[in-house]
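K.L.:
After the sequence you'll find the predicted model.
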Amino acid sequence: MDTGHRRADEQGFGERIAAAGVKEPVKTYLLRCAEFHSSPAPGLLIGAFMVDYALDLLHATPDEKLFAVCETPKCLPDAPQVIAHITTGNGRLKVLPIGRFAVTVNRVSENPTAEAVRVYVDLEKIKNFPVIDKWFSNSPEFHKHTMGVALQEAIFKAGRGFLSYERVRVPVKIKEAWKPVTCPTCGETVPDYMVVDGKCGACGSMKYYEKI
């Protein structure tokens, strides 16, 4: 799809949400998420429904202090950030590269663990939504250039129809005191608990650049 067609498609995004009968607050969530993400990616749209579902299950509001774990780095993590202010920067969002399309949300807890809800794509339920199923399973029968709009419409109409949840318990990480340590290799400081084999990660297994 060329840029012109992509822009025209995204301009009709709001109209498709309304035509599908999506109610508030999810309608606003979808629009905000798409703007933040820079495109209405299917995984992001599903993520918005997932986070809204988790909030309902917890009887929580987006303004509460909540924590989340996303089991994939693709698209889904943007939904809790936009909807519930759960971000990597404020330390309340953890993204695990597991590859499962699921999100777990919990409230603050002073105990070693917290009760949470895990919302995930149900592989049995999704079979009732062929277009979504073909996209989700990466089927060669799904063609994003010709089926993208149909996929959006299917997601809007399905809503929570292919999602399931379970009550789970998650560990609560207690903030610990730390002190800065100077890396002997690069001379920069890092928290002591991030030192590995006597040096910072950038001078070890997490090195991602070389000087020019």
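P.N.:
That came through fine.

K.L.:
can you pull out the helices in this structure?
P.N.:
With DSSP state H, the ranges of helices along the chain come out as 3-11, 13-19, 26-37, 42-58, 78-84, 130-136, 144-158.

K.L.:
Let me have those in JSON lines, extended by mean pLDDT and mean neighbour count.
P.N.:
C-beta here means a position set from N, CA and C on the backbone, and glycine is covered the same way. Below are the helices of the chain laid out as JSON lines (pLDDT from 0 to 100; neighbours: other CB atoms under 10 Å):
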{"stretch": "helix 3-11", "mean pLDDT": "46", "mean neighbour count": "11"}
{"stretch": "helix 13-19", "mean pLDDT": "94", "mean neighbour count": "15"}
{"stretch": "helix 26-37", "mean pLDDT": "97", "mean neighbour count": "18"}
{"stretch": "helix 42-58", "mean pLDDT": "98", "mean neighbour count": "22"}
{"stretch": "helix 78-84", "mean pLDDT": "98", "mean neighbour count": "26"}
{"stretch": "helix 130-136", "mean pLDDT": "98", "mean neighbour count": "19"}
{"stretch": "helix 144-158", "mean pLDDT": "96", "mean neighbour count": "16"}
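
K.L.:
Of all those, which one is nearest residue 102?
P.N.:
helix 42-58 (7.9 Å; CB to CB).

K.L.:
Can you spell out which helices and strands pack onto that closest one?
P.N.:
Packing partners of helix 42-58 (3 or more CB pairs under 8 Å, 6 or more residues apart in numbering; DSSP states H and E): helix 26-37, strand 66-70, helix 78-84, strand 102-107, strand 113-121, helix 144-158, strand 163-171.

K.L.:
what distance separates that helix from the middle of the whole chain?
P.N.:
With CA atoms, centre = their mean, to the nearest Å as the basis, helix 42-58 stands 9 Å off its chain's centre.

K.L.:
ok, now stretch 55-68?
P.N.:
The answer for stretch 55-68 is 15 Å, by CA atoms, centre = their mean.

K.L.:
in it, what counts as buried?
P.N.:
Neighbour counts over stretch 55-68 (16 or more other CB atoms under 10 Å) mark 55, 57-58, 60, 62, 66-68 as buried.

K.L.:
Span of that stretch from start to end?
P.N.:
End-to-end distance of stretch 55-68 (CA to CA, to the nearest Å): 11 Å.

K.L.:
And residue 99, how close does it get to residue 179?
P.N.:
Counting by CB to CB, to the nearest Å, the gap from residue 99 to residue 179 is 36 Å.

K.L.:
before we move on, the earlier item: for the helices of the chain, which one sits closest to residue 207?
P.N.:
Of all these, helix 78-84 comes closest under CB to CB, at 27.5 Å.

K.L.:
so what secondary structure elements neighbour the closest one?
P.N.:
Using 3+ CB pairs under 8 Å, 6+ apart: helix 78-84 touches helix 26-37, helix 42-58, strand 66-70, strand 102-107.
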